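Visitor: return atomic coordinates for the entry below.
(one chain, ligands or ions: 2)
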Amino acid sequence: MTTEMERARRLVAEADRIVVLTGAGISAESGVPTFRGAGGLWKSHRPEELATPEAFARDPQTVWEWYAWRRGLIADCDPNHGHLALARLALGGTPTTIVTQNVDGLHTRAAPEAARGADPSPALPVEVHGAIDRDKCSSCGARTPGTSSVDTSSHGALPRCSTCNGMLRPDVVWFGETLEPEILSRAFQVAQDADLCLVVGTSALVQPAALVPLVTLQNGGALIEVNIERTPLSGEARVSLLGPSGELLPELLDVGAAT
Ligand code: BJW
Ligand code: ZN
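Guide: Ligands and ions are numbered 1, 2, ... in the order given. Modelled structure (predicted):
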């Protein structure tokens, strides 16, 4: 009898062009908390109090405290076998683009590790929600490397733009903000061109990123989902692999967990 894993492996082997959409679940085994669900960040924090431009305008100190804490936490995390398996897929023979909703930079760090001296660029992700380790000026929009230890002790101590003295903020996309148009159209283009979409560790609830797999589907492509639980997308998936992505992705992509 053909197992779900065998069916999924066949779909990967037969694909001409692959798009991967990842979410917080792929980084869970690296120690980065997810947003929703058990142990998720939003069990203890209300998103509308922290991840909106209105929250930042009202109380930048509290918002910065949350991001400074997460920056520190993420700086101590490393890519896991799931990130590495995807990076090796993208560096292999089938044109593959990784689109991520994550702001943790772990796909970016996995790329040179997987490339082992070769060109890592095919494994660099399209980051649709930005990057937590970058700052953006809320007045002039200039982007700079993130301040590693943000002083959140008072409103006056918060980081400011060296060009215009505007308030710096983390370069991430908050609720109610539009995604960068060129980045979003690149994500939709690769989704449209792909005949297989691998959806990993996302609740598939947040728009417009959750449309990426639907674009592949609408163009006749197939979906494989990898998640520890079912999502609104599971019914659309040709194969739904239930389990942790750090274990399932190396098995699916045939690259071996131990390297
Ligand atoms: C594992 C695992 C393991 C665990 N292995 N799996 C249309 C309809 C309805 C609403 C809207 C709409 N269009 C726009 C909206 C509004 C809003 C939205 O989508 N709201 C919904 C929640 C209803 N979208 C926006 O506001 C977006 N902007 C926009 O659309 O602009 C145009 C516009 C403006 C104004 C009005 C209308 C339109 C912007 C969205 C920005 C999202 N930003 C965040 C925060 C980023 C910064 C930060 O990190 O602080 O991005 S929210 C948060 O959710 C974060 C994530 O990238 C994103 C997605 O979450 P993700 O990755 O799916 O994580 P979880 O936690 O939800 O799921 C984890 C999954 O992993 C689970 O399924 C687990 O089971 C699984 N898992 N361990 C495998 N080991
Ligand atoms: Zn500025």
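Visitor: and the strands in the stretch 1-150 of the chain?
Guide: Applying DSSP state E, counting those that start in this stretch to the stretch 1-150 of the chain gives strands spanning 18-22, 96-100, 126-127, 130-137, 143-145.
Visitor: just say which of the ones you listed is most tucked in.
Guide: strand 18-22 (a mean of 28; mean count of other C-beta atoms under 10 Å). The C-beta positions use only the backbone N, C-alpha and C, and glycine is treated the same way.
Visitor: now do that one: which elements does it pack against?
Guide: Packed against strand 18-22 by the contact rule (3 or more C-beta pairs under 8 Å, 6 or more residues apart in numbering; DSSP states H and E) you find helix 81-91, strand 96-100, helix 181-193, strand 196-200, helix 211-218.
Visitor: tilt between it and strand 96-100?
Guide: Strand 18-22 and strand 96-100 meet at an angle of 20 degrees, taking axes from the mean of the first three to the mean of the last three C-alpha atoms, to 10 degrees as the criterion.
Visitor: strand 18-22 near ligand 1 anywhere?
Guide: No. Strand 18-22 lies out of reach of ligand 1 by C-beta under 6 Å from any ligand atom, never closer than 7.6 Å.
Visitor: list the strands paired with that strand, with their directions.
Guide: If you go by DSSP bridges, strand 18-22 pairs up with strand 96-100 (parallel), strand 196-200 (parallel).
Visitor: which residues does the first one contact?
Guide: Translated: strand 96-100. The contact list for strand 96-100 (C-beta atoms under 8 Å, 6 or more residues apart in numbering) reads 17-23, 26, 86-87, 89-90, 107, 122-129, 187, 190-191, 194, 209, 212.
Visitor: so, in contact with ligand 1 or not, the worst-scoring helix or strand of the chain on mean pLDDT?
Guide: Sorting the helices and strands of the chain by mean pLDDT, DSSP states H and E puts helix 41-44 at the bottom, at a mean of 76. No. Counting by C-beta under 6 Å from any ligand atom, ligand 1 is not contacted by helix 41-44; separation bottoms out at 7.6 Å.
Visitor: tell me the buried residues in the longest helix along the chain?
Guide: As assigned by DSSP state H, the longest helix anywhere in the chain is helix 60-75. By 16 or more other C-beta atoms under 10 Å, the buried positions in helix 60-75 come out as 60, 63, 64, 66, 67, 68, 70, 71, 74.
Visitor: how about stretch 25-37?
Guide: Buried residues in stretch 25-37, counted by 16+ other C-beta under 10 Å: 25, 26, 27, 28, 29, 30, 32, 33, 34, 35, 36, 37.
Visitor: check contacts around residue 232.
Guide: Residues near residue 232 by C-beta under 8 Å, 6+ apart: 203, 204, 205.
Visitor: run the last query once more with 10 Å
Guide: Residue 232 sits next to 203, 204, 205, 210 when contact means C-beta atoms under 10 Å, 6 or more residues apart in numbering.
Visitor: what of residue 83?
Guide: Shown in contact with residue 83 (C-beta under 10 Å, 6+ apart): 22, 26-27, 29-30, 98, 100, 102, 104, 106-111, 113-114, 123, 125, 200, 245-246, 249.
Visitor: for the residue nearest the centre of the chain, what are its contacts?
Guide: With distances taken as C-alpha atoms, centre = their mean, residue 102 lies nearest the centre of the chain, 2.5 Å away. Shown in contact with residue 102 (C-beta under 10 Å, 6+ apart): 22-27, 32, 74, 83, 108, 125, 127-132, 201-202.
Visitor: does residue 223 lie in a helix or a strand, and which?
Guide: If you go by DSSP states H and E, residue 223 is part of strand 222-227.
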